[in-house]
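Enquirer: using only what follows, build the 3D model:
(chains A and B, ligands or ions: 3)
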Amino acid sequence: MTDFLAARSQMALSLGFHIVFSCIGMVMPFFMAVAHFYYLRSGKVVYRNVTRAWSKGVAIFFATGAVSGTVLSFELGLLWPEFMKHAGPIFGLPFSLEGTAFFIEAIALGFFLYGWDRFNKWFHWFTGLIVGISGLVSGILVVAANAWMNSPAGFDYADGKYFHIDPVKAMFNKAWLSQSIHMCLAAFAATGFAVAGVHAIMILKKRNILFHQKAFRIAAVFACVAAVLQPISGDFSAKDVAARQPEKLAAMESVFQTRSHAPLLIGGLPDEKNKTVRYGIELPGMLSFMIAGNTNFTVQGLDQIPEGDQPPVAVTHLAFQVMVGVGLLLFLISLIYFFSLWKKRSWRESPILMKLFALATPLGFIAVEAGWTVTETGRQPWIIYGVMRTADAVTPMPGIRFTFYLFTAVYCSLALIVIFLLYRQIRMVPELYDTK
Amino acid sequence: MLYVVIAFLWMSLLFYLLLGGADFGAGIIELFTSDKNKDRTSNTLYRAIGPVWEANHMWLIIVIVILFTGFPEIYSVVSTYLHIPLVIMLLGIIARGTAFAFRHYDAVHDDMQKVYNKIFRYSSFITPLFLGIIAGSAVAGTIDPKASGFADAFIFSWLSFFSVSVGFFTVAICGYLAAVFIIGEARTPEGRSRYIIKARSMNIAAAIAGALVFLAAVVNGIPLVQWLFGNPLGIAAIVAALISLLLQRALIRKGKVKIIRVFAGFQIAMILLATTYFHYPRIILMKSGDYLSLTEQRGDDKSITVLAMALLIGSVFILPALFYLMYSFQRKTQPPLES
Ligand code: HDD
Ligand code: HEM
Ligand code: HEM
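Expert: Ligands and ions are numbered 1, 2, ... in the order given. Predicted coordinates for the structure are as follows:
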């Protein structure tokens, strides 16, 4: 493994690890706020138990999210010093605002986790809500920073120099809106399906059914609303990508040759050497239609991009297929769930529906990881799209593969411990929160 | 606006040293507490620092963000040539943060607790040790961007007698801060006198480590004495730190916890002031007289202006909330001292 590949892998590993915890950190406070609200309004103990059980789990995720985020803010410099030297002043603004948001989040979290029975109960509830809002805001800000790498703005560039810097313009670049909307929805869908899935499994096991049903309902409603909106937002994102990064779109859809009436490809294995796709299903003209609303539209293919500027096609395409596949599946599950809420009471807690949700537990997070792979791999070989190459940004320090192995070992063990702890907490639910 | 940013940088560093430092110190004290008192100590500590725990570590993030937005060249040189100690420090941060959370949120209390405790205590030692090493290397004149060999560029940039001594000094200061803080949290007179002894021995450890730093400076040819005593402000700061130290010793005996805390904080601020003032605005001193300065290596002016605004606006929200958090948990956990 070359040091360059190791640096990319280490960055991908750290981000891929962090995103799981940050999604949970962003979304769970809202679930807790709802459960907590029901408890404060109705006085039903089961809601208090749900809130408390969740908050114990979330504390573990928060701590892990906080340390992995701290690592990231150093890693940007440790792995990509040349990038940060130039990008820092331009896209630093969202990070500095994010610092404020995190701070508020951390303070509110202190109040919330340690404030049970100590403060006015609505003040206490409100601090929990603040945790969620500031988490969401920080997520949006950091995605705006990433969007700037996809769609650089707010500076002029010539002869390796960056001038006329405008951090505000850089933050509100062309990609920030579509990416932020899509990411926020993804966080709700992924966390929601994961949480709902775990409670569905417990319902199927017939453990503390009332407790798990209440928890399931809250998570499932959030998850399904997000999952219904997700394909709409994804469509908006794809149009946006087509306009700002045609080579990324071409890689996502494996469009090797520029053509009108471009087909939408479902599945398929791109063969980068021979510039063909095997085993795919083509929906004629649909890609042109989805981008421009008209099947005549000419979609730019990779043949128009110099060899050295093309992103890896196979990875980008497959990751895109996984994300869209999962997206459609979750969309269907959500429709079924809403139908059950609306018309079919008997379906609502039926084992089949519960099994469906149980199977969907990891899917949202799989889509999140896949989606980020599309965004980040599809930007290659650029670290700042069209301006700086990833290979030029990497640290001169040799031996990065060893730190990569080290971080891989650390993150794998951490992931195992977190799963182990979560398992223990769920097992303790009957003992701690039996509501009979 | 540049000065606003520099002031925030300095203050965040100070707050991190004080709050994060006390937090590291908590683990260090546990490490050096006899086995039979370990659990009691860790419970007292948890009650005291639990609520502010997340916030304490945000100061480091603020420092980093200020560096890469306002002074990107400094950030990139430091993270290139001090890569190895930074990675070790990060591993320490990961281990510490997760072990701290796990030991309190594990639903089952069994032998895993021993594992978390061990990890927490050792990483509480390693992390500030390497923080100190990084700080020491910043001024030790050992960073050498022109070096060609791996060892010269990436190992001896930080591995020197001086930097390691600064590391141990940092550890001792953290331990002292935590001991001073925890005196006021003890619930029994017996516990309190135990922590008073801890504070004294940490104080002695800091004095020894401090002497070691001076010795190392002489050995490594670093004009530390001249930095500290070569200008009126440096002398004033050192004298103030000394007086405050003596006052603390007297006050510890009397058990005036609140005032000791203030003095201990003041002392650390003076030490930081004395060590940063002389070569300000040069914050990274490299081999053969090269340096990086906060004024010459600053980033784009507009970025700095916007950064300053963001920091000012942010502090309007953060500081009151943070003080309210500290205040309310101080008040609500203030133990009735049984005597
Ligand atoms: C639960 C997760 C999830 C689901 C169900 C979907 N996505 Fe997604 N997608 C993400 C999670 C995600 C993500 C991980 O959040 C990404 C990575 C970067 C970003 O902003 O969002 C993303 C990126 C992303 C991009 C690239 C954006 C860019 O590079 O700027 C496109 C074009 C789509 N998505 C399109 C879709 C479509 C058409 C979906 C149809 C169902 C879909 N996504 C479902
Ligand atoms: C380069 C990328 C990133 C950096 C440098 C970064 C940095 C950080 C830092 C320093 C923290 C700790 C804050 C604390 O102590 O509470 C953190 C937590 C968090 N991050 Fe990231 N982050 C990155 C990517 C992301 C992304 C892509 C998202 C979401 C879309 C995200 C969302 C969050 C959230 C919501 C938290 C707080 C919740 C928690 O602690 O679990 N981050 N991040
Ligand atoms: C948390 C969600 C994110 C995930 C899962 C993610 C994923 C990835 C992946 C897979 C790569 C490797 C791409 C490749 O080498 O083929 C990568 C690279 C990178 N990402 Fe992200 N990314 C995320 C968010 C961000 C954010 C918010 C930023 C910065 C503001 C960022 C900055 C970078 C940088 C600097 C690289 C290395 C350079 C490069 O490969 O282009 N990422 N990320």
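Enquirer: list, one by one, the residues from the stretch 301-436 of chain A near ligand 1.
Expert: Counting by CB under 6 Å from any ligand atom, the stretch 301-436 of chain A comes close to ligand 1 at A:323-324, A:326-328, A:330, A:364, A:367-368, A:371-372, A:374-375. C-betas here are computed from N, CA, C, even on glycine.
Enquirer: again, but for chain B
Expert: Neighbours of ligand 1 within chain B, by CB under 6 Å from any ligand atom: none found.
Enquirer: now do whichever residue of chain B sits closest to ligand 1 against A:Met84, distance only.
Expert: Nearest residue of chain B to ligand 1 (CB to the nearest ligand atom) works out as B:Val65 at 21.7 Å. B:Val65 is 11 Å from A:Met84, where distance means CB to CB, to the nearest Å.
Enquirer: the two: who's more crowded?
Expert: Of the pair B:Val65 and A:Met84, B:Val65 is the one with more neighbours under other CB atoms under 10 Å in any protein chain shown, namely 27 against 24.
Enquirer: the more buried one is in what secondary structure piece?
Expert: helix B:58-70 (DSSP states H and E).
Enquirer: which positions in that helix come out as buried?
Expert: Going by neighbour count (16 or more other CB atoms under 10 Å in any protein chain shown), the buried part of helix B:58-70 is B:58-70.
Enquirer: run through who's touching stretch B:134-154.
Expert: Stretch B:134-154 has contacts (CB atoms under 8 Å, 6 or more residues apart in numbering or on different chains) with A:397-399, B:77-78, B:80-86, B:89, B:156-158, B:160, B:162-167, B:170, B:220, B:222, B:275, B:279, B:283-288, B:290.
Enquirer: now the terminal residues of it, how far apart.
Expert: Start and end residues of stretch B:134-154 are separated by 12 Å (CA to CA, to the nearest Å).
Enquirer: right, is the host helix or strand of A:Ala200 up against ligand 3?
Expert: Secondary structure assigned from DSSP H and E places A:Ala200 in helix A:176-204. No: Helix A:176-204 stays clear of ligand 3 (CB under 6 Å from any ligand atom), getting no nearer than 8.2 Å.
Enquirer: is that helix up against chain B anywhere?
Expert: No: against chain B, helix A:176-204 shows no contacts by CB under 8 Å from any CB of the partner chain, the least distance being 14.7 Å.
Enquirer: which elements pack onto the least confident helix or strand in chain A by mean pLDDT?
Expert: Scoring the helices and strands of chain A by mean pLDDT, DSSP states H and E places helix A:345-348 at the bottom, with a mean of 71. For helix A:345-348, the elements it packs on are helix A:313-342, judged by 3 or more CB pairs under 8 Å, 6 or more residues apart in numbering or on different chains; DSSP states H and E.
Enquirer: report the buried residues of the helix it packs on.
Expert: A:313, A:315-327, A:329-331, A:333-334, A:336-337, A:340.
Enquirer: any idea how far apart the tips of stretch A:260-268 sit?
Expert: 20 Å.
Enquirer: what do you get for stretch A:304-316?
Expert: 18 Å.
Enquirer: contacts for that stretch, please.
Expert: A:246-248, A:250-252, A:254, A:256, A:258, A:269-270, A:272, A:302, A:373-374, A:377-382.
Enquirer: mind checking if it is in reach of ligand 3?
Expert: No: applying CB under 6 Å from any ligand atom, one finds stretch A:304-316 separated from ligand 3 by no less than 6.8 Å.
Enquirer: re earlier: show me what counts as buried in the helix or strand following the helix holding B:Val65.
Expert: Where DSSP H and E defines the elements, the next helix or strand beyond helix B:58-70 is helix B:72-81. By neighbour count on 16+ other CB under 10 Å, the buried set for helix B:72-81 is B:72-81.
Enquirer: okay, those in a markdown table with pLDDT next?
Expert: Below are these laid out as a markdown table (pLDDT from 0 to 100):
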| residue | pLDDT |
| --- | --- |
| B:Pro72 | 89 |
| B:Glu73 | 88 |
| B:Ile74 | 88 |
| B:Tyr75 | 90 |
| B:Ser76 | 89 |
| B:Val77 | 88 |
| B:Val78 | 88 |
| B:Ser79 | 89 |
| B:Thr80 | 88 |
| B:Tyr81 | 88 |
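Enquirer: which pair of those residues spans the longest distance?
Expert: B:Pro72 and B:Tyr81 (15.1 Å; CB to CB).
Enquirer: what about the closest residue to A:Met354 other than its chain neighbours, neighbour count?
Expert: Excluding the flanking residues, the one nearest A:Met354 by CB to CB, 6 or more residues apart in numbering or on different chains is A:Ala200, at 4.3 Å. A:Ala200 has 28 neighbouring residues, counting by other CB under 10 Å.
Enquirer: looking at A:Ala200 now. What's its pLDDT?
Expert: The model reports A:Ala200 with a pLDDT of 90.
Enquirer: and B:Thr333, by the same measure?
Expert: Looking at B:Thr333, the pLDDT reads 50.
Enquirer: cool, B:Arg40 as well?
Expert: pLDDT, B:Arg40: 69.
Enquirer: returning to that earlier point: so the helix holding B:Val65 versus helix B:72-81, what angle?
Expert: 120 degrees (axes from the mean of the first three to the mean of the last three CA atoms, to 10 degrees).
Enquirer: gap between helix B:58-70 and the chain center?
Expert: Distance of helix B:58-70 from the chain centroid (CA atoms, centre = their mean, to the nearest Å) equals 15 Å.
Enquirer: follow-up on the earlier one: residue contacts, the residue nearest to A:Met354?
Expert: A:212, A:216, A:354-355, A:357-358, A:361.
Enquirer: quick revisit: in PyMOL, how would I select just the buried ones from the contacts of stretch B:134-154?
Expert: In PyMOL, a selection of the buried entries from the contacts of stretch B:134-154 looks like this (16+ other CB under 10 Å):
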select buried, (chain A and resi 397) or (chain B and resi 77+78+80+81+82+83+84+85+86+89+156+157+158+160+162+163+164+165+166+167+170+220+222+275+283+284+285+286+287)
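Enquirer: tell me the SS of the residue of the stretch 151-300 of chain B found nearest ligand 3?
Expert: Ligand 3 sits closest to B:Gly299 of the stretch 151-300 of chain B, with a gap of 16.9 Å, by CB to the nearest ligand atom. Assigned state for B:Gly299: coil (three-state reduction, DSSP: H, G, I helix; E, B strand; the rest coil).
Enquirer: thought it was touching B:Thr69?
Expert: Yes: using CB atoms under 8 Å as the test, B:Gly299 is close enough to B:Thr69 to be in contact (6.7 Å).
Enquirer: where do the contact lists of the two overlap?
Expert: Common neighbours of B:Gly299 and B:Thr69 (CB under 8 Å, 6+ apart) are A:88-89, A:92.
Enquirer: using a markdown table, lay out those together with distance to B:Leu242 and secondary structure.
Expert: Output for the shared contacts of B:Gly299 and B:Thr69, formatted as a markdown table (distance: CB to CB, whole Å; DSSP: H, G, I helix; E, B strand; the rest coil):
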| residue | distance to B:Leu242 | secondary structure |
| --- | --- | --- |
| A:Gly88 | 39 | helix |
| A:Pro89 | 41 | helix |
| A:Gly92 | 39 | helix |
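Enquirer: which parts of stretch B:100-117 are buried?
Expert: So stretch B:100-117, judged by 16+ other CB under 10 Å, has buried residues B:100-107, B:112-113, B:116-117.
Enquirer: near ligand 2 at all, that stretch?
Expert: No: Stretch B:100-117 stays clear of ligand 2 (CB under 6 Å from any ligand atom), getting no nearer than 10.9 Å.
Enquirer: quick one: average confidence on the helix holding B:Val65?
Expert: 89.
Enquirer: does that helix reach chain A?
Expert: Yes: contact of helix B:58-70 with chain A (CB under 8 Å from any CB) involves B:58, B:60-62, B:64-66, B:68-70.
Enquirer: ditto for stretch B:10-30
Expert: No: applying CB under 8 Å from any CB, one finds stretch B:10-30 separated from chain A by no less than 9.5 Å.
Enquirer: any weak-confidence spans in chain B?
Expert: For chain B, applying pLDDT under 70 flags the ranges B:35-40, B:42, B:45-54, B:253, B:255-256, B:329-339.
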